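**Student:** How does the following fold in three dimensions:
(chains A and B)
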Amino acid sequence: MPADVIMKIGPGFFPTILASMLLIFSLLLMLNALRGKSKGEVPPLRWSDPAVRRGLCLLVATAVFCLALKPIGFIPCAIVFLFLMMLVLGNRKPRALLMAPLIVTGGIWLTFEKLLHLELPSGILAPLLG
Amino acid sequence: MEINWGLMFSSYGAVFTPSVMLLIAVGVTAGIVIGALPGLTATMGVALLVPLTFGRPPLESLSMLMGIYAGAMYGGAISAILIRTPGTPAAAATVLEGYPMARRGEAGRAMAMALFASFFGGVAGAVIMTLASPLVSAFALRFGPVEYFGLAIFGLSIIISISGRSLIKGFMSAFFGLLICTIGFDPISGFPRYTYGTMELMEGPPFIPTLIGLFAVSEVFNEALKSGVAKSVTAKLDQYLPSWADIKYCFRELCRSSVIGAVVGAIPGAGGDIASFISYGEAKRASKNPELYGKGQIEGLAASECANNSCQGGAMIPLLSLGVPGDAVTAVLLGAFTIQGLQPGPMLYKEHIDIVYQIFASMMVAQFVMQFIGMAGIQLFARVIMVDRSILTPAIFVMSVVGAYAMRSNVFDVYVTLAFGMVGFLMMRYDFPLSPILLALILGPLAESNLRRAMVMSGGEWSILFTSPIAVVMMLLAALSFYLSIRKHQQIESRLAEMEVEFEKNLGESTESPERPA
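**Tutor:** Numbers count the residues shown, from 1 in each chain, chains lettered A, B, ... in the order given. Predicted coordinates:
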């Protein structure tokens, strides 16, 4: 097979078409918006809205959770994350706040490590978990 | 291709072993719970639980996923009936009849019929799948690159035309998904694209982590922005099976909807939500008293629930025989097959016919297990809706991260999940449909590699695309579906708005009745 035939419609062919189509459709969408033909309104995100602050907390917490997963380990990360997120999402029942993170984390860890033999990062607990 | 009855019976034998039955039961239970919880869809459930099946033998893992799929399709009806919120998009039509019934104090009757209709549809779908997919696969053996390219375009055209309120946004979602699949080694020349030298991206973005991000993590972010007030359920559920009279009354609808569901399911791109809406509409049209629809007509409920379960069998037909998923859930299942080292498509019938028959068997068995577990746990499943969201939402995130990490033990996959979670959240917020991305992730590589293979064969001549009648028909159908969706979009939207208004009106009337679940 001569190389020029393969390269005529080469690795760049598909992405180029797709990217140009994406551009064309975004232009169409903008044009529609400028002509006032947008469908539906999305309420803007305002800092004063407690829901937005909740969402932002969650966003930061999820990012920290993902970054800390490897060095610190699954069990401590998950317990702290679940506890904090329950607080952020408005749970104020002391018994639930103490018990739920432990039960959920323990359940997931046991299922993956012991039942399915899939490894989760052990992190700082590595000496304890062996 | 003939059906091998001996193999069929031995496959049922393989499914009736304690470990497989246990996994089907676990899958069905998890599926019903996931389906019953609004915001948790069947797609998300399968994506979230696929990691639990890594490392299990194919039969065990696929049976469990079949169970989840069946359970979730029924589970959506529970919250549709009890709290007027469809648990999955496929149960949207169920709300229209189910909730007015519950308002009238007939929650038990509605739930019993929803379960039975799901079971009936599921069994019908499984039978249709068993009979039809060998035929389709025998036909598909003749498919070459040109036909596969046509098929991919057809599937994409359907999903773009039916999902979301704006056709432009549907297109943009699909192109975005297609663009994502060009990351990694180019399928023909092996040239790495858009990897920026990252080893982890060489094979493209990992499929399951991407899905978990798009469908589960995005929902976690979404949930945080909502006021997390759980609705309480006080309706009494006193019925486990529909009465003989109800079954007889709905029998015609059950049969009709089973066929509609399976056919819609078999069209690549169209899934349970479309199936249930179409058969609900058909039931209303065929009814002698359509004015009763929207006020708690049990036939309509049966039609919708039956169709979304028979759609399951239908959607498996193109998945198994062509390697092209019939709906969003089967798209995730395709990922699960690949993890097991199985490549769905006509060759699966040649190389792993035993697995194919075991899938037929496990799907059939899953329907019976669903009926049984649904009856046994009806009280419990109704309470699941009231679960504390402040625990559930973060727990889903932790599950997502674990699922993404577990397959390759690679923290990079966790970052992928988080990134796609944010992308998915923003897309949902601004009304971009997510399912075209999912289909594009699977159909994209199929379209690209087959188009370029065809071009290599023809020496760069575009005319090769028009040499195959099958491919031409599929491309014409694709063009037709775009044309229809542009023309009908306005019409469908106004009809949906009409239905909504009618529904609100009926609701207002029934609020005055003494029987009032809070």
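
**Student:** Output the set of residues of the stretch 51-200 of chain B in proximity to chain A.
**Tutor:** B:51-52, B:54-56, B:165-166, B:168-169, B:171-172, B:175-176, B:178-179, B:182, B:186, B:188-189, B:191, B:193-194 (CB under 8 Å from any CB of the partner chain). In short, each C-beta sits where N, CA and C put it, glycine included.

**Student:** Out of the residues you listed, which sit inside strands?
**Tutor:** Within those, residues falling in strands by DSSP state E are residue B:193.

**Student:** Give me the ChimeraX select line for the residues of the stretch 51-200 of chain B next to chain A, limited to the buried ones.
**Tutor:** Burial among those is assessed by 16 or more other CB atoms under 10 Å in any protein chain shown; the matching ChimeraX selection reads:
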select /B:51,52,54,56,166,168,169,171,172,175,176,178,179,182,186,188,193
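
**Student:** among the residues of the stretch 51-200 of chain B next to chain A, which are in helices?
**Tutor:** B:168-169, B:171-172, B:175-176, B:178-179 (DSSP state H).

**Student:** As JSON lines, these with distance to residue B:468 and pLDDT would be great.
**Tutor:** Compiled in JSON lines, these are given as follows (distance: CB to CB, whole Å; pLDDT from 0 to 100):
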{"residue": "B:168", "distance to residue B:468": "31", "pLDDT": "83"}
{"residue": "B:169", "distance to residue B:468": "32", "pLDDT": "85"}
{"residue": "B:171", "distance to residue B:468": "26", "pLDDT": "86"}
{"residue": "B:172", "distance to residue B:468": "30", "pLDDT": "88"}
{"residue": "B:175", "distance to residue B:468": "25", "pLDDT": "89"}
{"residue": "B:176", "distance to residue B:468": "29", "pLDDT": "90"}
{"residue": "B:178", "distance to residue B:468": "22", "pLDDT": "89"}
{"residue": "B:179", "distance to residue B:468": "27", "pLDDT": "88"}
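
**Student:** Could you pull up the residues touching residue 11?
**Tutor:** As the question left the chain open, I've gone with chain A. B:186, B:188-189, B:191, B:193 (CB atoms under 8 Å, 6 or more residues apart in numbering or on different chains).

**Student:** Hmm, no, I was thinking of chain B.
**Tutor:** B:354, B:357-358, B:360-361 are the contacts of residue B:11 under CB under 8 Å, 6+ apart.

**Student:** re the thing from before, now for the contacts of residue A:11, which pair is the farthest apart?
**Tutor:** B:188 and B:193 (11.6 Å; CB to CB).

**Student:** Secondary structure element for residue 92, which one?
**Tutor:** No chain specified, so I'll use chain A. In this structure, residue A:92 is located outside every helix and strand according to DSSP states H and E.

**Student:** right idea, wrong chain: chain B
**Tutor:** helix B:92-103.

**Student:** Can I get that helix in CSV, CA atoms only?
**Tutor:** This file holds the C-alpha atoms of helix B:92-103, laid out as CSV (Å, rounded to 0.1, in the frame of the first residue of the first chain):
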residue,chain,number,x,y,z
ALA,B,92,-41.2,9.6,32.6
ALA,B,93,-44.3,8.3,30.9
THR,B,94,-45.1,6.2,33.9
VAL,B,95,-45.5,9.3,36.0
LEU,B,96,-48.5,10.5,33.9
GLU,B,97,-50.7,7.6,34.9
GLY,B,98,-48.9,6.2,38.0
TYR,B,99,-49.0,9.3,40.2
PRO,B,100,-52.7,10.0,39.7
MET,B,101,-53.3,6.4,40.6
ALA,B,102,-51.3,6.8,43.8
ARG,B,103,-53.2,10.0,44.6
